[in-house]
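Colleague: Output the structure for:
(one chain, ligands or ions: 1)
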Amino acid sequence: MVNKRHTLLFAGDLVLGAEPERYMAYINNLLDSCDFRMAHLEEPYLDEMLECANEFKLTSTLEPLVGRIDLLTLAGNHFYDYGEAGVAATVQWCEKKQIAHCGGGSNISEAKKPAFVEKDGLKIGVLAYNAVGPKYTFATDTRGGVSYVNFTRAYVPEHLLDQTHTRLENDIWDLKKPVHMDTGMMGFNFIDEVSCDEICSEIAAAKDQCNLLIVYFHKGFVHQPSVVAPWEKFLSHRAIDNGADVVVSSHSHLARGIEIYKGRAIYHGLNNFICYVPQLSPLFKGKIPGDRNSDNEKWIKSRVERFGFVPDPDYPTYPFHPESIYCLAAKLIIENGSIASNRLILLKVEKDGIPRVHGNTQTGREILDYIVKITKDAELNARYKWEGDDIVIF
Ligand SMILES: [Fe+2]
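Modeller: Predicted structure coming up:
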């Protein structure tokens, strides 16, 4: 067994944008200080402009990740934004740069393959699934895309539904939101049983091949603070029941609290790591990504109406919910081949859109207060204490 102590960092969504070096300036030291560095790549990467792409949506280069990130998860809702070309180019880039990757590929068996990284005889496996849709991102036997948690629709007579509960479902399911199908009938989406069982088997099989397994779910209701839906807990519990040593998630552009289940940590939402998206700002002047004929102002207004907040104009490249400035990275201390300590690294995004790492300072304590609040609001059970500049989860 591995005797050396290792540190592993898993961070949230990466959209590196136009100036990756500048946006990574304050996190490089953090990355350099860890033995294993992982994050979620939210958009496919192309090194040439495609007709379906948009200059504001294209990351200029991923080169600053080389030597600083060991593994990227690809199973997100944007991975098929540039179709097969984007899927192929991203996978090729990762392979050329020797960055391990999982959750996306040229067909479903490629997308489902776990990724492994190894150091000093310690082998860490990662599986990644898109749990938010849309279904066109899902890879098939003959088509590229992501590994996924499938969902299926069922129809329920409205008069049998508890209205409080129905409203809650409507609020938290986003792409899986219930819809009126006929008079008095509601259509709901649920996690597909076959898909869930398949994921459990894949987790068990991957665990057999490594010392420590991380399962990543791209999940969470976007732009809605605190909420962790019952299905998110269920899915994460099933992952741990079947061999995951830790579950990590991102997607909602907001941080989520942590849950301890059977002694293992579930990071329900790490929020963004770096997210450069000026095209989503109300101040943005230019063509909307993916829709060359649409009316910017109208589109931005409908986005504001849909999500219920107006982005702060002082954050022109980071037009998210006001609470989205608080971000997390999961830090694991690994001893003798297992997790000795689950921790948090705290980050805050400033008006320039650049995240800064904060230890036990006034700003660090402000971020921790927020994490304590959202943990309590979501009725999660983790508690936190400072150890140096890390937060230890217990
Ligand atoms: Fe996402």
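
Colleague: Which residue is the nearest non-sequential neighbour of C94?
Modeller: With C-beta to C-beta, 6 or more residues apart in numbering as the criterion, C94 has its nearest non-adjacent residue at 4.2 Å, and that residue is H101. Bear in mind the C-beta positions are built from the backbone N, C-alpha and C, glycine included.

Colleague: what's the spacing between the one you found and the ion?
Modeller: For H101, the distance to the ion equals 16 Å [C-beta to the ion, to the nearest Å].

Colleague: go on, L235?
Modeller: L235 is 16 Å from the ion, where distance means C-beta to the ion.

Colleague: Over to S106?
Modeller: Using C-beta to the ion, S106 is found at 21 Å from the ion.

Colleague: show me what contacts that residue?
Modeller: With contacts defined as C-beta atoms under 8 Å, 6 or more residues apart in numbering, the neighbours of S106 are E84, V87, A88, V91, A139, G144.

Colleague: Give me the buried entries from these.
Modeller: Among the contacts of S106, those classed as buried by 16 or more other C-beta atoms under 10 Å are V87, A88, V91, A139, G144.

Colleague: Just the element for D197, please.
Modeller: Per DSSP states H and E: D197 is located in helix 193-207.

Colleague: Hmm, Q279 and R303 touching each other?
Modeller: No - using C-beta atoms under 8 Å, R303 makes no contact with Q279, being 10.9 Å away.

Colleague: Can you pull up the residues of the stretch 151-300 of the chain that come close to the ion?
Modeller: Remark: the part of the stretch 151-300 of the chain in contact with the ion comprises H251, using C-beta under 5 Å from the ion.

Colleague: same thing but 8 Å
Modeller: For the stretch 151-300 of the chain, the residues in contact with the ion (C-beta under 8 Å from the ion) are H218, V222, S250, H251, S252, H253.

Colleague: ok and the residue in this structure nearest the ion?
Modeller: H251 (3.8 Å; C-beta to the ion).

Colleague: So, low pLDDT: which residues of the stretch 101-250 of the chain?
Modeller: 161-183, 186-187 (pLDDT under 70).

Colleague: So which residues of it form helices?
Modeller: Counting by DSSP state H, counting those that start in this stretch, the stretch 101-250 of the chain has helices at residues 108-112, 163-172, 193-207, 230-241.

Colleague: Make JSON lines out of those and add mean neighbour count.
Modeller: As requested, those are exported to JSON lines (neighbours: other C-beta atoms under 10 Å):
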{"stretch": "helix 108-112", "mean neighbour count": "19"}
{"stretch": "helix 163-172", "mean neighbour count": "13"}
{"stretch": "helix 193-207", "mean neighbour count": "16"}
{"stretch": "helix 230-241", "mean neighbour count": "19"}
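
Colleague: Do you have the helices of the stretch 251-394 of the chain handy? List them.
Modeller: Using DSSP H, counting those that start in this stretch, helices in the stretch 251-394 of the chain cover 296-307, 362-377.

Colleague: Can you lay out those as TSV showing mean pLDDT?
Modeller: Listed next are the helices of the stretch 251-394 of the chain as TSV, based on pLDDT from 0 to 100:
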stretch	mean pLDDT
helix 296-307	74
helix 362-377	98
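
Colleague: out of those, deepest packed?
Modeller: Burial of the helices of the stretch 251-394 of the chain is given as mean neighbour count (mean count of other C-beta atoms under 10 Å); helix 362-377 ranks first at a mean of 16.

Colleague: Tell me the gap between that helix and the middle of its chain.
Modeller: Averaging C-alpha positions (C-alpha atoms, centre = their mean, to the nearest Å) puts helix 362-377 20 Å from its chain's average.

Colleague: Give me the residues contacting it.
Modeller: 225-226, 255-258, 323, 326, 328, 344, 346-348, 358, 382, 384, 386, 389, 391.

Colleague: And these, which of them are buried?
Modeller: Buried, going by 16+ other C-beta under 10 Å: 225-226, 255-258, 323, 326, 328, 344, 346-348, 358, 382, 384, 391, out of the contacts of helix 362-377.

Colleague: So which of those residues are in strands?
Modeller: I258, Y326, L328, L344, L346, L347, K348, H358, Y384, I391 (DSSP state E).

Colleague: burial count for the residue nearest to C94?
Modeller: Counted with other C-beta atoms under 10 Å, the neighbours of H101 add up to 21.

Colleague: try the one 3 residues further on
Modeller: For G104, the number of neighbouring residues by other C-beta under 10 Å comes to 30.

Colleague: can you check G184 too?
Modeller: 11.

Colleague: CSV for the buried ones among the contacts of S106, including distance to the ion?
Modeller: Listed next are the buried ones among the contacts of S106 as CSV, based on distance: C-beta to the ion, whole Å:
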residue, distance to the ion
V87, 16
A88, 20
V91, 18
A139, 16
G144, 18
